[in-house]
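Enquirer: Fold the following, please.
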Amino acid sequence: MPIADSKHLRVLTWHVHGNYLYYLTQAKHDFYLVTKPGHAPGYAGKVGVLPWGENVHEIPASEVASQAFDVILFQHRTHWDDDRLNLLSDAQRRLPRVYIEHDPPQENAFEQRHWVNDPHTLLVHVTHFNRLMWDSGETPTRVIEHGVLVPEGVRYSGQLERGIVVINHLRQRGRRLGSDVFADAARHVPLDLVGMDAQSSGGISEIGNLDLAAFSARYRFFFNPIRWTSLGLAVVEAMMIGMPIVGLATTELATVIRNGESGFIHTDTNALIDAMQRLLRDPTEARRLGEGARRLALERFNIHRFASEWEQTLQHVCQ
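Expert: Numbers count the residues shown, from 1 in each chain. All right, here's what the predicted structure looks like:
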């Protein structure tokens, strides 16, 4: 049975996507992150430079079964398939549970059945596109769109006549993340790639979480060459500081960016190249589009809405 009062819950979860987890923990609950020695992927706890709040705690994997929680919040298939069975106690496996699916299906665009096929688990998708494409079976679903924070006072300036691309491990992840689209565009438009292992694709380097917004703000526009992914947090963060967005009109981005209002999207890469070249020539137009992107981000992706939706969702499953 739940052990917390009706307002403040003890949530067991894992560190899967650092920035998303940081935004998630803006919700007014206590979050316990499963850790293992060496901070292995998925068990990293509070590592890094993000300013974790006092409501975020670490708990060694060996101690999880002996502790009391209100709800289990899964974020990765490994944790669902393995930790749910081997880490949790029998009583913990009967607790209310939520699974956050961060991605669209990877094996088949529209026929892949989600591994969480359980009418007693809530499957939360981060975009409406993802929920549309996954076959969620008997599992109840809900969409909670992103909410982001950017450093106070950081705003778009756009004085650098270049575009910025933010993708981790682009070379390794290949066509799905648009490695060929980026390479083609970079032959016609000055673009800087940042992210983990960016150098192997001709990029600069990784920029720290807390520094990325200020680093990006100098660039004329943000370019998103990704074919198949969720709506990237980096895109939303760029919108929040007032950057115009240029990208492929695929997945959820097609519902976010409106041509002539907040940026330019298309499935014709030549049209994208033309749009980026226009923005390089016209900084006034770039600023106008960036202001439109910021207005949209403040309305659709503000952190208060996001945190409130998560608070209500976790309360709901614990009723």
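Enquirer: residue ranges of the strands in the stretch 101-250 of the chain, please?
Expert: Ranges of strands within the stretch 101-250 of the chain are 121-125, 141-143, 160-166, 191-194, 219-224, 245-248, based on DSSP state E, counting those that start in this stretch.
Enquirer: Any chance of those in CSV with mean neighbour count, mean pLDDT and distance to His102 as columns?
Expert: C-beta: built from backbone N, CA, C; applies to glycine. Formatted as CSV, the strands of the stretch 101-250 of the chain follow (neighbours: other C-beta atoms under 10 Å; pLDDT from 0 to 100; distance: least, C-beta to C-beta, whole Å):
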stretch, mean neighbour count, mean pLDDT, distance to His102
strand 121-125, 22, 98, 9
strand 141-143, 15, 98, 13
strand 160-166, 21, 98, 17
strand 191-194, 22, 98, 21
strand 219-224, 28, 98, 17
strand 245-248, 26, 98, 19
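Enquirer: do you know which of those lies nearest Ser62?
Expert: Minimum separation from Ser62 across these (C-beta to C-beta) falls at strand 121-125, 25.0 Å.
Enquirer: Tell me the span between the first and last residue of stretch 116-132.
Expert: 16 Å (C-alpha to C-alpha, to the nearest Å).
Enquirer: Buried residues in that stretch, which are they?
Expert: By 16 or more other C-beta atoms under 10 Å, the buried positions in stretch 116-132 come out as Val116, Asp118, Thr121, Leu122, Leu123, Val124, His125, Val126, Thr127, Phe129, Asn130, Arg131.
Enquirer: re earlier: save the strands of the stretch 101-250 of the chain as JSON lines, and put in distance to His8 too.
Expert: Putting those into JSON lines (distance: least, C-beta to C-beta, whole Å) gives the following:
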{"stretch": "strand 121-125", "distance to His8": "19"}
{"stretch": "strand 141-143", "distance to His8": "21"}
{"stretch": "strand 160-166", "distance to His8": "35"}
{"stretch": "strand 191-194", "distance to His8": "38"}
{"stretch": "strand 219-224", "distance to His8": "37"}
{"stretch": "strand 245-248", "distance to His8": "37"}
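Enquirer: Asn209: which of the buried residues of stretch 116-132 is nearest?
Expert: Out of the buried residues of stretch 116-132, the member with the shortest distance to Asn209 (by C-beta to C-beta) is Val126, at 18.4 Å.
Enquirer: For the residue nearest the centre of the chain, which non-adjacent residue is closest in space?
Expert: Nearest to the geometric centre of the chain sits Leu233, at 4.2 Å (C-alpha atoms, centre = their mean). Among residues not flanking Leu233 along the chain, Asn19 sits closest, at 5.2 Å (C-beta to C-beta, 6 or more residues apart in numbering).
Enquirer: cool, and Asp118?
Expert: Asp118 sits nearest to Thr139 (C-beta to C-beta, 6+ apart), 5.6 Å away.
Enquirer: re the thing from before, can you say which of the strands of the stretch 101-250 of the chain is nearest to Arg175?
Expert: Among the strands of the stretch 101-250 of the chain, the nearest to Arg175 by C-beta to C-beta is strand 245-248 (11.9 Å).
Enquirer: Which strands or helices does the closest one pack on?
Expert: The contact analysis (3 or more C-beta pairs under 8 Å, 6 or more residues apart in numbering; DSSP states H and E) places strand 245-248 against strand 219-224, helix 233-240, strand 263-266, helix 269-281.
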